[in-house]
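A.B. asks: Please find the sequence and the predicted model below.
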Amino acid sequence: MVTVAILAVLAALAAPSFNPLIERWRVRQTVEGLQSSLYYARSEAIKRGGNVVVQKIPNNTDGCTTAPGTNDWGCGWQVLACASINASGNCVTPTELQRFDAPARMQITRTSGGEAITLNRWGLVNGTWIGMSVVPQNKSISDAAAKGVCVSSGGRIRVISDPPCTSG
């Protein structure tokens, strides 16, 4: 009984030191998922002749509440093939090709540009470069686990350790 009590005390003391490691794993999982989705969307846009959109999953979807603002992608994203894209940039008759639900307790913020990333028939991003910051929830971008995903309009993706992205 004494041995079990000692092990329980040691486990309770060691558990908080694993939090930074777990946060780094979640950030890495999110960054790799974002990279994968962007490469996949680019490939599909070339294959389909454009009209492919990477769009954030709306807040309050499946109980997720980490994406309240336009630039908050904390619930995850989906890659959509669209029959067409209207003048305001919205997908008309979308077909979901891929979905990524973000890991729990992650803050994913797009620098600017809002809820969707549209790719044209050459696989290029319509508009300016894309910058995303991936940070453990309730932490700042100066946290050691924070990463930035920077995408140029030509589709080149860079992962940086000091977000936010200032250029593609």
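C.D. replies: Good, I have the coordinates.

A.B. asks: From the centroid of the chain, which residue is nearest?
C.D. replies: Closest residue to the average C-alpha location of the chain: L34 at 4.8 Å, with C-alpha atoms, centre = their mean.

A.B. asks: Going along the chain, name the strands of the chain.
C.D. replies: Secondary structure of the chain (DSSP state E): strands at 52-56, 76-85, 91-101, 106-110, 116-119, 130-136, 147-151, 157-160.

A.B. asks: thinking again about what came up before, tell me the contacts of the residue nearest to the centre of the chain?
C.D. replies: 77, 100, 108, 132, 134, 149 (C-beta atoms under 8 Å, 6 or more residues apart in numbering). Any C-beta I mention is one placed from the backbone N, CA and C, and that applies to glycine too.

A.B. asks: Could you point out the member of these that lies closest to R121?
C.D. replies: Distances from the contacts of L34 to R121 were compared by C-beta to C-beta; the smallest belongs to W77, at 21.1 Å.

A.B. asks: close enough to count as contact, that closest one and R110?
C.D. replies: No - using C-beta atoms under 8 Å, W77 is not in contact with R110; the gap is 9.9 Å.

A.B. asks: wait, what's in contact with G114?
C.D. replies: When contacts are counted by C-beta under 8 Å, 6+ apart, G114 touches 70-71.

A.B. asks: Okay, now the unreliable bits of the chain?
C.D. replies: By pLDDT under 70, the low-scoring segments of the chain are 14-16, 167-168.

A.B. asks: coming back round to it: could the strands of the chain be laid out in JSON lines, adding mean neighbour count?
C.D. replies: Conversion of the strands of the chain to JSON lines gives the following (neighbours: other C-beta atoms under 10 Å):
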{"stretch": "strand 52-56", "mean neighbour count": "25"}
{"stretch": "strand 76-85", "mean neighbour count": "20"}
{"stretch": "strand 91-101", "mean neighbour count": "14"}
{"stretch": "strand 106-110", "mean neighbour count": "22"}
{"stretch": "strand 116-119", "mean neighbour count": "22"}
{"stretch": "strand 130-136", "mean neighbour count": "23"}
{"stretch": "strand 147-151", "mean neighbour count": "22"}
{"stretch": "strand 157-160", "mean neighbour count": "16"}
